[in-house]
Every structure is written in structure tokens, then in C-alpha cells.
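Chemist: got a structure for you, letters missing:
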């Protein structure tokens, strides 16, 4: 990984995340949802890097920046750390199953982003419920996590195509791609 350009990418992604979160989609069941751009980046880098340590460190950095972004969101105190831990665990899961997918395919990227977001947001909601929230807030958080996961999975193929064009600036040794059949 090239870490200096990656840190700049995190900064730009956080700015985009804040901008996208300012224009949420309203649903009756889930409330306001916005895609998780940082989760899409974590899945992209987990699929693209060769070494699991690079994938885990990139996921931790993205999760920690999202932790700082979510801290005190909505006037409710939240603990800093559960999102970064969730990102690392989700990245480890994606890294373990990535060989079973054609990583260049849009549907695979969408499905892996859906899996990653479901794992990450469910873990985050559960940890926040244990640390800060009450148990009555767990189910609405899970419903919102499902909405964010679906929204992110729909946008993931488009964002990953854009990232594929500039990925050489961030990844020094990319993982070998599987041949298309």
C-alpha cells in the first residue's frame, strides 16, 4: 500500500461521505439512510491488495475515520472504536472469501459490499447497544443497517469501477486477478 496517497483518499472520502449523508433517502421503515462510501472503499481495497495486513490496516483506518465522523451523531453520545473493530472483522471475512468470487465482476463487488456492510453495521449497532444505547434502540439500528447495506451495495460497482482506474496510485502490489472464463 502507498499510505500517504491512501490517507489523502480517506480525507476525500470522508468529505464525500459527509456530503452524501447530507442528502439521505427517507424510508418509512428505516428512516434516513445514506450509502457508506468508506465501506465501499474498504471492500475495494480488501479485494485489491495482496497482503491481509494491508487490507486490515486500510480497513482499520477507514473504520476509525468513520468512528470519528459518527461520534456524537444526532446529539447522542457514541463510543469511538466499535466501527474500526467492525471494519477490521468485516475486512477479514471478505479477505477470506474473496477467492471464491470473480473480483472484477460488478455483481460480486455488490454482493461482497452487501455482506461487508451487514456484518459491520450489525456489529456496530450491537456494540453501541452494549456500550451506550438501550436495547430498545437495537432493532431500529439493525433496520437502518439493512437499508444502508442495500444502498451501499447498489452503488459499489460504479464506485469500484472509478477506483479501478486510479487504484495504481494507492496499491503498490495488487493481487493477481482471476482469468475470465
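Modeler: In hand now; what should we look at? Owing to the predicted nature of the structure, the values given are computational and were not obtained by experimental measurement.
Chemist: rest of the way, CA atoms for contacts and neighbours
Modeler: Fine.
Chemist: Would you mind giving both backbone torsions of residue 174?
Modeler: phi -70, psi 160 (degrees, to the nearest 10).
Chemist: Pull the number of nearby residues for the nearest residue to it once chain neighbours are set aside.
Modeler: Of all residues not flanking residue 174 in the chain, residue 49 sits nearest, at 5.0 Å (CA to CA, 6 or more residues apart in numbering). Counted by other CA atoms under 10 Å, the residues lying close to residue 49 total 21.
Chemist: What is the subsequent helix or strand relative to the lowest-mean-pLDDT helix or strand in the chain?
Modeler: When the helices and strands of the chain are scored by mean pLDDT, DSSP states H and E, strand 25-27 comes last with a mean of 76. On the C-terminal side of strand 25-27, the nearest following helix or strand under DSSP states H and E is strand 31-33.
Chemist: Remind me what that next one packs against, helices and strands.
Modeler: strand 25-27, helix 138-166 (3 or more CA pairs under 8 Å, 6 or more residues apart in numbering; DSSP states H and E).
Chemist: Could you say which of these is packed most deeply?
Modeler: helix 138-166 (a mean of 19; mean count of other CA atoms under 10 Å).
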